[in-house]
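Student: below is the sequence, then the predicted model.
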Amino acid sequence: MKICLLVAMPDRPLLFVQQPVESLYTATILRQQGHDAYLVDARLGEDQVKLGDPDLVIVITQTYDLTQCNSISLEKSRELVAMVRQRHPGVPIVAAGVHASMEPEMTRRDLDVDASLPGELESAVPAFVARVTADPLALHGPFDDIPQQVDPQTLPVPDYDLVDVHRYWGEVVDPSGAIRNGTTGLIFANRGCPYTCSYCFVWFGAKIRRRDPEQVVAEMRAQRERGVRHFFFLDYTFTIVPTWVRELCALIRAEKLDVSWICQTRVERVNPELLADMRSAGCTGIFYGVESPWIADLDMDKPTGREAIEEAVRQTNDAGIQPLVFILFGTENGDPAKARELHDFLRDLPATFHPSVLLPRPFTSLWNKHTEGMARPTSWTEYAQVASELQREILGRSEVGAVHKEILLLPNYVENRLRVEEPVEQR
């Protein structure tokens, strides 16, 4: 069967375009099963949306790299489906990914697709294709027994010839500490997160599922052979198992891959010895979910204190790694004094910060708290409208917004650093 995996543009500005790792794994598996599977990525531009002559189109409404901060609405996906219908009448279209998993029938109806397939793509799509190949009438379900999660250790090294790896880019931290945009590879080694932050959407579950260090290095080597030197680890808490990190670092050094990489974790999950090991294996930047210096005092189930934040940042700098911190506007609860405190905290923090605005996302405990007693939305557009209204309420007074504008003028705001530092050539 000729199968097109079609990656949709999200309904949000793109600050980076990472490799569609879920699609790479899935297409590789389908090829191993004898299918003619290929990728089309609408995020690379409308001129890239050429589907050929597929027998089946799988629309991926959200890539894994944005699942945690997923687009709630599906306007771009809907437009893409309509275009496919017009150009390829009669070809079955199936939606897959996070939206199809959380609201299968709503997603099918909103997008006007033939089916809505729940589950992680690497497990659900091959099982679905096998079923439809044997019985075309199985296209419309039911899908109750389709496997929902994959064991990462069973995944193959992706066939990176499915894409032009040089079209994918994100932030790169040079060994000097300079931050630039450049070609990056994406590695997803550890799925799941055991923490329960109220604002965080963790589709991959609480249990940690890992790839072996040898498998991770094999993926890095395959991309290195294609000219990729910089990598981003998508793992939500990269250092959750320190022994695994040390094994990986030892292998990277032994292979002499000559790579640099960025990861993300929590401030309480690092120490000087681990950081030194990571730096010696090419780690040049770490994203920490800081959110705010008083996050531990809020009802958000994240007991991270200011002292722990500042100590982790100090240790990271001492190790020669660039500390990068995620910040949430909206944790001030509409208090201008708190906004000023956040400004001063970031001004004095020796780290580069990435701000975003607190948004109650569907299927998080923060959403449940703010929507208790409300009727459940009947479309993804309605979900997005409710979330936006809640976000405006959380942000509160205009005085808070004025301080936020001052924060964005600080020199350690990532966009300001990117403006003044020479960008890496993008191919």
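Tutor: Done, it's in. Residues are numbered from 1 along each chain as shown.
Student: Val113: neighbour count?
Tutor: 25 (other CB atoms under 10 Å). For the C-beta atoms, the positions are set from N, CA and C on the backbone; glycine is no exception.
Student: do I have it right that it meets Ile93?
Tutor: Yes. Under the criterion of CB atoms under 8 Å, Val113 makes contact with Ile93 at 4.6 Å.
Student: tell me where the model's unsure across the stretch 201-350 of the chain.
Tutor: Residue ranges of the stretch 201-350 of the chain with pLDDT under 70: none are present.
Student: list residues touching both of Val113 and Ile93?
Tutor: Val59, Val81 (CB atoms under 8 Å, 6 or more residues apart in numbering).
Student: can you list the domains in this protein?
Tutor: 2-153, 165-420 (automatic domain parsing).
Student: any chance of TSV for those domains, columns distance to Asp159?
Tutor: What follows is the domains of the chain, written out as TSV (distance: least, CB to CB, whole Å):
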stretch	distance to Asp159
domain 2-153	5
domain 165-420	9
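Student: setting aside sequence neighbours, what's the nearest residue to Asp235?
Tutor: Nearest non-adjacent residue to Asp235, counting by CB to CB, 6 or more residues apart in numbering: Asn190, 4.0 Å away.
Student: quick one: contacts for that neighbour?
Tutor: Pro152, Ile208, Arg209, Arg210, Arg211, Asp235, Tyr236, Thr237, Phe238, Ile240, Val241, Trp244.
Student: quick check on it: phi, psi?
Tutor: phi -130, psi 120 (degrees, to the nearest 10).
Student: what ranges does the stretch 251-400 of the chain have for its helices?
Tutor: Taking DSSP state H, counting those that start in this stretch to define them, one finds helices in the stretch 251-400 of the chain at 272-280, 306-318, 336-348, 365-370, 380-395, 398-407.
Student: buried set for the shortest one?
Tutor: Across helix 365-370, burial judged by 16 or more other CB atoms under 10 Å covers Ser365, Leu366, Trp367, His370.
Student: next one: that helix to chain centre, how far?
Tutor: Offset of helix 365-370 from its chain centre (CA atoms, centre = their mean, to the nearest Å): 21 Å.
Student: I'd like to know which elements it is packed against.
Tutor: helix 380-395 (3 or more CB pairs under 8 Å, 6 or more residues apart in numbering; DSSP states H and E).
Student: now do the helix it packs on: which elements does it pack against?
Tutor: Using 3+ CB pairs under 8 Å, 6+ apart, the elements in contact with helix 380-395 are helix 104-111, helix 365-370.
Student: may I see the buried residues of that helix?
Tutor: Trp380, Thr381, Glu382, Tyr383, Ala384, Val386, Ala387, Leu390, Gln391, Ile394, Leu395.
Student: got it, and stretch 269-283?
Tutor: Buried residues in stretch 269-283, counted by 16+ other CB under 10 Å: Arg269, Val270, Leu274, Leu275, Ala276, Asp277, Met278, Arg279, Ala281, Gly282, Cys283.
Student: before we move on, what about stretch 115-135?
Tutor: In stretch 115-135, counting by 16+ other CB under 10 Å, buried: 115-129, 131-132.
Student: in strands, which of those appear?
Tutor: Among the buried residues of stretch 115-135, DSSP state E puts Ala115, Ser116, Leu117 in strands.
Student: out of the residues you listed, who's nearest Asp299?
Tutor: Ser116 (34.1 Å; CB to CB).
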